[in-house]
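Engineer: model the following, please.
(4 chains)
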2 protein chains.
Amino acid sequence: MTDKVSGQIIPDEEKRLERQLCFAVYATAHAFNRAYKPILDRVGLTYPQYLVMLVLWEKGCLPVKTIGEQLDLDSGTLSPLLKRLEQAGLIGRARDPKDERQVIVSLTEKGAGMQCQVSTIMSAIGEATGCDMDEVASLRDRLQRLRANLTAE
Amino acid sequence: MTDKVSGQIIPDEEKRLERQLCFAVYATAHAFNRAYKPILDRVGLTYPQYLVMLVLWEKGCLPVKTIGEQLDLDSGTLSPLLKRLEQAGLIGRARDPKDERQVIVSLTEKGAGMQCQVSTIMSAIGEATGCDMDEVASLRDRLQRLRANLTAE
DNA sequence: CACGATTTAATCGCGTACAACATATTTTTG
DNA sequence: CAAAAATATGTTGTACGCGATTAAATCGTG
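Structural biologist: Model prediction:
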């Protein structure tokens, strides 16, 4: 099972590392979720809902498809999530007159106004990553590359 | 909102970076899930179930609590998951006679035998990270540090 | 020894994730 | 132009994640 005395690669060690990387990514995603939860609870958003709002705050109105591409989510996840955001009065949904297949998601006043509110509270925890900007940027790049490799199979 | 002309940090840029890091971690976790899914489907495991099996293959018998600590999961998640693994005949569960509060999870023959099977198939995709060992190790360390910072608040 | 506090799992409810399927609306093509 | 293929969204079923609650076993202190 182990490639004992080769001068090249040690498969078992590689497996161990990959396992640790799986765990690290998995657990870090959960850690983000938990770190943000107490803050998001105050405004009644879940973490995935917050990510959708981040996209909308940055880009404005968007079709469901595009939001899905940004967050790597499909309609099976987004449809009920967006329905809840709509019921909370944060977004509006309307068929695009140019293409009735598409549903354009837009911010309501309440939804747009929430940006400042959340942003203020969030900056408290913004430093919680404990990394300086260069480190964050580098980590982001590594993850994006890793993700691209995984997606490309 | 923006610290306009300070010689120090630019908060908006920092926010953008943090947002990108959220997304990167979130999307990379999903990417792992998806990359492993076609392989795990063949043996009837989900990705979280696979992570539990990895822990058991490495450590042998463990109480539920310890598995939860390894994977950062609580009993609300693990109980039904372990029940499914038990129904699939991969693990056994028994109260610890020394401490009836604890449930010791153990591998069945079938569960232990699955390691080779999965390991063989998995090594095909093992290289999919596209990183060499040093890079994987470094990424793992950064993520662990990030996670520790997030968890510490 | 007793009784309250702590520890460990299980259960329940809500909200994701995602495959598979259903529906409606373009777009493509014969 | 009509039938077929492609596109965009929604629905359903299964399986996480996790907070809150419950129940049982153990521990600590008087």
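Engineer: residue of chain A nearest DNA strand C, please.
Structural biologist: residue A:76 (2.7 Å; CB to the nearest atom of the strand). Where C-beta positions appear, they are placed from N, C-alpha and C, glycine not excepted.
Engineer: check which helices and strands the lengthiest helix in chain A is in contact with.
Structural biologist: Secondary structure of chain A per DSSP state H: the longest helix is helix A:11-43. Applying 3 or more CB pairs under 8 Å, 6 or more residues apart in numbering or on different chains; DSSP states H and E, we find helix A:11-43 packed against helix A:47-59, helix A:109-126, helix B:11-43, helix B:47-59, helix B:64-71, helix B:109-126, helix B:133-151.
Engineer: sort out which residues of the third one are buried, please.
Structural biologist: Within helix B:11-43, the residues that count as buried by 16 or more other CB atoms under 10 Å in any protein chain shown are B:11, B:14-15, B:17-33, B:35-36, B:40, B:43.
Engineer: nearest to residue B:94, of the helices and strands packed on helix A:11-43?
Structural biologist: Among these, the nearest to residue B:94 by CB to CB is helix B:64-71 (11.3 Å).
Engineer: is that closest one positioned near DNA strand D?
Structural biologist: No. Helix B:64-71 does not reach DNA strand D (CB under 7 Å from any atom of the strand); its nearest approach is 7.5 Å.
Engineer: would you mark the buried spots in that helix?
Structural biologist: For helix B:64-71, by 16+ other CB under 10 Å, it's B:64, B:67-68, B:70-71.
Engineer: which strands and helices sit next to it?
Structural biologist: So helix B:64-71, by 3+ CB pairs under 8 Å, 6+ apart, packs with helix A:11-43, helix B:47-59, helix B:75-87, strand B:99-107.
Engineer: pLDDT on the first one, on average?
Structural biologist: Looking back up the chat, that one is helix A:11-43. Mean per-residue pLDDT for helix A:11-43: 88.
Engineer: over to the shortest one?
Structural biologist: For strand B:99-107, the mean per-residue pLDDT is 97.
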